[in-house]
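>>> the following block contains a protein sequence and its predicted model.
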Amino acid sequence: MRSLGLFVGHLFRAATADPRRQVVSRTVEESNQETPQGHVTLRRTTIDEVEVHPPPRASGGRESDR
């Protein structure tokens, strides 16, 4: 049943996603260190996206009509 739920989740995200935005790359840098307080994980995530904006619409009226 878990696989069915994952499948339905993928379909739902695909149906509700904004097609004008696309993730181009995702970079995760991770560092594990020991501190006096205990074990610490430092993580930096960088997401590069592209957004496509439609061209502005024409006003619809002609200059000669004015």
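Right, received. Where do you want to start? Everything numeric here is computed off the predicted structure, so don't read it as measured data.
>>> just the pLDDT for Arg66.
pLDDT for Arg66: 50.
>>> verify the stated contact: Arg20 with His53.
Yes: assessed by CB atoms under 8 Å, Arg20 is found in contact with His53 at 7.2 Å. Just so you know, the C-beta spots here come from the backbone N, C-alpha and C atoms, and that holds for glycine as well.
>>> ok, these two, which is more surrounded?
Arg20 (10 against 6; other CB atoms under 10 Å).
>>> distance of the more buried one relative to Val52?
Separation of Arg20 from Val52 (CB to CB, to the nearest Å) stands at 5 Å.
>>> contacts only, for the residue positioned nearest the centre of the chain.
Centrality entry for the chain: nearest residue to the mean C-alpha point is Val23, 5.1 Å, by CA atoms, centre = their mean. Counting by CB atoms under 8 Å, 6 or more residues apart in numbering, Val23 touches Ile47, Asp48, Glu49.
>>> ok, the host helix or strand of Asp48: who's next to it in the sheet?
Here Asp48 sits within strand 38-51, counting by DSSP states H and E. In the sheet containing strand 38-51, its partner strands are strand 21-35 (antiparallel), by DSSP bridges.
>>> and the pLDDT for Arg62?
59.
>>> tell me the secondary structure at Gly5.
helix (DSSP: H, G, I helix; E, B strand; the rest coil).
>>> next one: it from Leu11, what distance?
11 Å.
>>> what number of residues lie near Glu30?
9.
>>> you'd agree it is up against Thr41?
Yes: assessed by CB under 8 Å, Glu30 is found in contact with Thr41 at 6.6 Å.
>>> using CSV, write out the CA atom coordinates for the lowest-mean-pLDDT helix or strand in the chain.
Among the helices and strands of the chain, helix 2-16 carries the lowest confidence by mean pLDDT, DSSP states H and E, at a mean of 84. Extracted C-alpha coordinates of helix 2-16, given in CSV (Å, rounded to 0.1, in the frame of the first residue of the first chain):
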residue,chain,number,x,y,z
ARG,A,2,2.9,2.4,0.6
SER,A,3,3.9,2.2,-3.1
LEU,A,4,0.4,3.1,-4.1
GLY,A,5,0.4,6.1,-1.8
LEU,A,6,3.8,7.2,-3.2
PHE,A,7,2.4,6.9,-6.7
VAL,A,8,-0.7,8.9,-5.9
GLY,A,9,1.5,11.5,-4.2
HIS,A,10,3.6,11.9,-7.4
LEU,A,11,0.5,12.3,-9.5
PHE,A,12,-1.0,14.9,-7.2
ARG,A,13,2.3,16.9,-7.1
ALA,A,14,2.5,16.8,-10.9
ALA,A,15,-1.1,18.0,-11.3
THR,A,16,-0.7,20.9,-8.9
